[in-house]
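**Q** give me the fold of what follows.
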Amino acid sequence: MGQEATITATWNGTTSHGKAMLEGDHLLLRGETRVKLMLADLTGANVAGDDLVLTTPDGTLSLALGAAKAADWLHRIQNPKTVLDKLGVKAGQRIALRGQPPDPVLAAELSRGGVTGDAGDDADLILLVADAVADLDAVSAIAPGLGLKSGLWIIYPKGRRDMTQEDVFTAGRGAGLVDNKVCAVSPTHTALKFVRRKA
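**A** Numbers count the residues shown, from 1 in each chain. As a prediction, this is how the structure comes out:
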């Protein structure tokens, strides 16, 4: 989940009021002035007094967050979570990967994290890559063996009509699981986490 704050902002000299939202790869300002800054495009980021100041080739955005929150947001911008962080992959865990990662960047990150193959049915986390509705048939086979402290992440494409988030919900819930987290894993794919229903 991102960070949100209702603040006074100054964009290229124009001051306005609105809501700032810091997400994984961008910062969005909504209100009297609307600005979307991709974090990858930032040429500068610092805290000046109570303000977070972000510089891009298109201009400068200053957010009056207060010193503590400005420092926290700056830290988040300078130390973005990796996909493995978002998925909750920790050192020493046994991870099962079912299917092929949807893009080379994600594949490389999974490989660096030691997620390269099938760790078996008793894995701490199972990552199921589903690129078609038929791939979701695997969920009913995975669910019975899922441990009480295990999780199943279903990675699926964004913005496709032939396979929607509702299809993923249906597969997970239909197998008796409960969804409890969502995260973006690449520019083209997102993921939903399912766990066993508590007794």
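**Q** pLDDT at the closest residue to residue 64 other than its chain neighbours, what is it?
**A** Spatial nearest neighbour of residue 64, excluding adjacent residues (C-beta to C-beta, 6 or more residues apart in numbering): residue 8 at 4.5 Å. (C-beta placed from N, C-alpha, C; glycine too.) Model confidence at residue 8, given as pLDDT, is 95.
**Q** and what of the one 5 residues further on?
**A** Reading off the confidence values, residue 13 has pLDDT 92.
**Q** what is the burial count for it?
**A** Residue 13 has 8 neighbours, counted by other C-beta atoms under 10 Å.
**Q** repeat that for the one 3 residues further on.
**A** Residues near residue 16, counting by other C-beta under 10 Å, number 15.
**Q** please, which helix or strand holds residue 105?
**A** Element membership of residue 105 [criterion: DSSP states H and E] is helix 104-112.
**Q** equivalent analysis for residue 37, please.
**A** Counting by DSSP H and E, residue 37 is part of strand 35-38.
**Q** what's the helix holding residue 105 packed up against?
**A** helix 83-87 (3 or more C-beta pairs under 8 Å, 6 or more residues apart in numbering; DSSP states H and E).
**Q** can I get the following helix or strand past the helix it packs on in PDB? Just the C-alpha atoms.
**A** Heading C-terminal from helix 83-87, the first helix or strand you meet, by DSSP H and E, is strand 95-98. Only the C-alpha atoms of strand 95-98 are listed here, as PDB (Å, rounded to 0.1, in the frame of the first residue of the first chain):
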ATOM      1  CA  ILE A  95       9.600 -20.700  -2.500                       C
ATOM      2  CA  ALA A  96       7.900 -22.700  -5.300                       C
ATOM      3  CA  LEU A  97       7.600 -21.000  -8.700                       C
ATOM      4  CA  ARG A  98       5.000 -22.400 -11.000                       C
END
